[in-house]
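Chemist: heads up, no residue letters with this:
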């Protein structure tokens, strides 16, 4: 019990440092990020993704996105909203965040490969970001463009998606 009490103050200092950037902090230097990740939750009109990224100025990042959209197969399939959040770490160890919302009908989900005979499907997901903010900025904008791949196989005559991966880019102006 005493050991746990000694660790508690250190843990609180580390959490506070991550959550509350210093007054001298600036927005991340990177304005574009290569991102990869996986879909971890979905319905017929929404998908949630998480992954990692690397910025053009050396930041590393972890990100999460929730994309609301028209039912897949609609023509066109519009992005209807959602949110994007990313935590960044600079090469010097400074932490920051990037947050934004997906623009209503600011982009689409386009079928690149429908996946005939239960092969993998591919979609291009693109949308604008609004209300982009960091610890020191607000009112920015951006774009989110990824290729979503549904990995599928046939099981007892049914086509089953066993994982879904995204790969693409995030561009932001703060």
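Modeler: Ah, there it is. In this text, all values refer to a predicted model and were calculated from it rather than measured experimentally. Numbers count the residues shown, from 1 in each chain.
Chemist: Go ahead and confirm residue 104 touches residue 82.
Modeler: No. Residue 104 lies out of contact with residue 82 (Cβ atoms under 8 Å); the separation is 9.6 Å. The C-beta positions use only the backbone N, C-alpha and C, and glycine is treated the same way.
Chemist: What are the buried residues along stretch 66-75?
Modeler: For stretch 66-75, a neighbour-count test (16 or more other Cβ atoms under 10 Å) marks 66, 67, 68, 69, 70 as buried.
Chemist: Can I get those in CSV including pLDDT and secondary structure?
Modeler: Below are the buried residues of stretch 66-75 laid out as CSV (pLDDT from 0 to 100; DSSP: H, G, I helix; E, B strand; the rest coil):
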residue, pLDDT, secondary structure
66, 98, strand
67, 98, strand
68, 98, strand
69, 97, strand
70, 97, coil
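Chemist: so which of those comes closest to residue 56?
Modeler: Comparing the buried residues of stretch 66-75 against residue 56 with Cβ to Cβ places residue 67 closest, at 23.4 Å.
Chemist: Strands along the chain, start to end?
Modeler: Counting by DSSP state E, the chain has these strands, from start to end: 32-43, 46-55, 60-69, 77-89, 95-102, 108-113, 121-133, 140-155, 158-173.
Chemist: ok, back up a step: of residue 104 and residue 82, who's got more company?
Modeler: Just comparing residue 104 and residue 82: by other Cβ atoms under 10 Å the higher neighbour count belongs to residue 82, 22 against 15.
Chemist: Could you list which residues are in contact with that one?
Modeler: Applying Cβ atoms under 8 Å, 6 or more residues apart in numbering, we find residue 82 in contact with 46, 65, 66, 67, 68, 101, 102.
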